[in-house]
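>>> Predicted coordinates and the sequence they were generated for:
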Amino acid sequence: MSKPRLTVVVCSTRPRRAGAPVGAWFAALAQKHEAFDVDLVDLADLSLPILDEPEHPALREYQNDHTKRWSAIIDSSDSVVFVVPEYNHSFNAATKNAIDYLYLEWRDKAVGFVSYGGVSAGTRATQALRPVLLAVKAIPALESVSIPHVSTLVDGDTFNASDGLEKAAFVMLDEIDRRERVLRQLREGERR
């Protein structure tokens, strides 16, 4: 049996962002965890415009190639981890836009968070994301990875994580693994 697919989504689209090295670090750590086949997706590479589909996402009548690509990525994922910055006490607009493009694709999927920022470590972004994901019927993990003062841990394209951050990541991945197994049964039951 193949491993479940975990998609790690780098949510910041800003130039010189910390999200790209943090996302690469987390994706490599998730591979080491060995419970998942891991894909790393960067919203900056997807270049999703502000939601431009004429029909409601629940209909899955997508007109645009960028939406079809994004839909295929999330549809083929068994769980998702958002690597998300905190902007102004919440998450960034690119993350909300990416979530809003889809609806059914999120259903019954375990979702985790690697948040980052200044002193708050992106925790307010994570808290703001939880109700948004529940609205599309995704299941947020209770555990998360919160990175304070991220700029002090990034050197070029390298994120220098502490042992504590790695431990937090493995705890969250364990939880996502447990939840994914249960949620897979729900998704498979709906397909019958």
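The structure has been received and is ready for your questions.
>>> ok, longest strand in the chain?
Taking DSSP state E as the criterion, the chain has its longest strand at strand 79-87.
>>> Who does the residue positioned nearest the centre of the chain form a beta bridge with?
Closest to where the C-alpha atoms of the chain average out (CA atoms, centre = their mean) is Phe82, at 2.2 Å. Beta-bridge pairing for Phe82 (DSSP bridges): Val9, Phe113.
>>> Lowest-scoring secondary structure element of the protein by mean pLDDT?
When the helices and strands of the chain are scored by mean pLDDT, DSSP states H and E, helix 163-191 comes last with a mean of 93.
>>> Between strand 79-87 and that helix, find me the angle.
Relative orientation of helix 163-191 versus strand 79-87 (axes from the mean of the first three to the mean of the last three CA atoms, to 10 degrees): 130 degrees.
>>> which helices and strands sit right next to helix 163-191?
helix 19-33, strand 79-87, strand 110-116, strand 145-147 (3 or more CB pairs under 8 Å, 6 or more residues apart in numbering; DSSP states H and E). C-beta: built from backbone N, CA, C; applies to glycine.
>>> contacting residues for Thr105?
That one is not Thr; residue 105 is Glu. Ser71, Ile74, Asp75 (CB atoms under 8 Å, 6 or more residues apart in numbering).
>>> Can you verify it is assigned to a helix?
Yes - counting by DSSP: H, G, I helix; E, B strand; the rest coil, Glu105 is part of a helix.
>>> Not counting residues beside it along the chain, what's closest to it?
Ile74 (4.2 Å; CB to CB, 6 or more residues apart in numbering).
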